[in-house]
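1. Please work out how this folds:
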Amino acid sequence: MGRDKYENEDLIRYGLDLDVWFHVDDLSSAHVYLRMKPGMTLEDIPDDVLLDCSSLVKDNSIQGCKKSSVYVVYTRWKNLKKTNDMVDGQVSFHRPENVRRISVEKNNPIVRALEKTREERFPDLYQMQQDRINAVARQKKEEFKRLAKEKQMVKLEREREKQERSYDRLMVAENMVNTGDIKATADATAAEEYEDDFF
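-> Down below sits the predicted model:
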């Protein structure tokens, strides 16, 4: 969670593809980020975690904390859109249809429980983002190599099966004939002499 609009700006700039962004709808509030595990989707976020994140943004909104209930919006970090004409902390969305909206009531017990586990950290957000980008690039490279190897194995197997079915390989040594031993004649005498030699 960003402490002020400047920290919010850093979180917007240096988020990860795993992050989900929460904010009170139509009111100023803190930006809360949930870092999901790789492979997770918005549907995989447990209801109690959604409630925790939503309660935090409501409690950290100057106007929202005074209301009995507010709407909270959340979306993947990569859906956040930032343009040069926006003030610090302000965002829009690349795809508004991918933004979820839920109603949240005042929930002091949840906020108090979260405050007890609060840790204040100042990580190198840029470095964390670069590390994640590099890790994703490595995963893609490894997956590409794996698929290329599988494709090569399939190709070799098909070539082997084709060779096994080919008539070119069906040569029996006993039936091989050296045609150079047969002398050409105008009639069938050469063939008859060859047959006589054979028997």
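2. Could you pick out the longest strand of this protein?
-> When secondary structure is assigned using DSSP state E, the longest strand within the chain turns out to be strand 69-76.
3. What pLDDT does the model give the residue most central in space within the chain?
-> For the chain, the residue whose C-alpha lies nearest the mean C-alpha position (Cα atoms, centre = their mean) is residue 39; its distance is 6.8 Å. Per-residue confidence for residue 39 comes out at a pLDDT of 90.
4. Give me the contact list for the longest strand of the chain.
-> For strand 69-76, contacts defined as Cβ atoms under 8 Å, 6 or more residues apart in numbering pick out 17, 19-27, 42, 50, 53-54, 57-58, 61, 64, 93, 98-106. In short, each C-beta sits where N, CA and C put it, glycine included.
5. Run the chain-centre distance for it.
-> In terms of Cα atoms, centre = their mean, to the nearest Å, the centre of strand 69-76 is found 25 Å from the chain centre.
6. Check stretch 54-69 too.
-> Averaged C-alpha coordinates place stretch 54-69 at 34 Å from its chain's average position (Cα atoms, centre = their mean).
7. got it, and stretch 4-20?
-> The gap between where stretch 4-20 is centred and where its chain is centred comes out at 20 Å by Cα atoms, centre = their mean.
8. same deal with stretch 120-127?
-> Stretch 120-127 has its average C-alpha position 24 Å from the chain's average C-alpha position, going by Cα atoms, centre = their mean.
9. how far does that stretch stretch from start to finish?
-> Its first and final residues considered, stretch 120-127 spans 18 Å by Cα to Cα, to the nearest Å.
10. buried ones in stretch 66-80?
-> Along stretch 66-80, these residues count as buried under the neighbour rule (16 or more other Cβ atoms under 10 Å): 70, 72, 73, 74, 75, 76, 77, 79, 80.
11. what pairs with the fourth one across the strands?
-> Spelled out, that is residue 74. Judged by DSSP bridges, the bridge partners of residue 74 are residue 22, residue 100.
12. now it: how far from residue 29?
-> Distance from residue 74 to residue 29, counting by Cβ to Cβ, to the nearest Å: 12 Å.
13. Repeat that for the last one.
-> Taking Cβ to Cβ as the criterion, residue 80 is separated from residue 29 by 15 Å.
14. Could you measure from residue 38 over to residue 101?
-> With Cβ to Cβ as the criterion, residue 38 and residue 101 are 26 Å apart.
15. quick one on the thing from earlier: what sits in contact with each of residue 74 and residue 29?
-> The contact sets of residue 74 and residue 29 overlap at residue 23 (Cβ under 8 Å, 6+ apart).
16. what's the average pLDDT for the next helix-or-strand element following the longest strand of the chain?
-> As assigned by DSSP states H and E, the chain's next helix or strand after strand 69-76 is strand 80-81. The pLDDT scores in strand 80-81 average 94.
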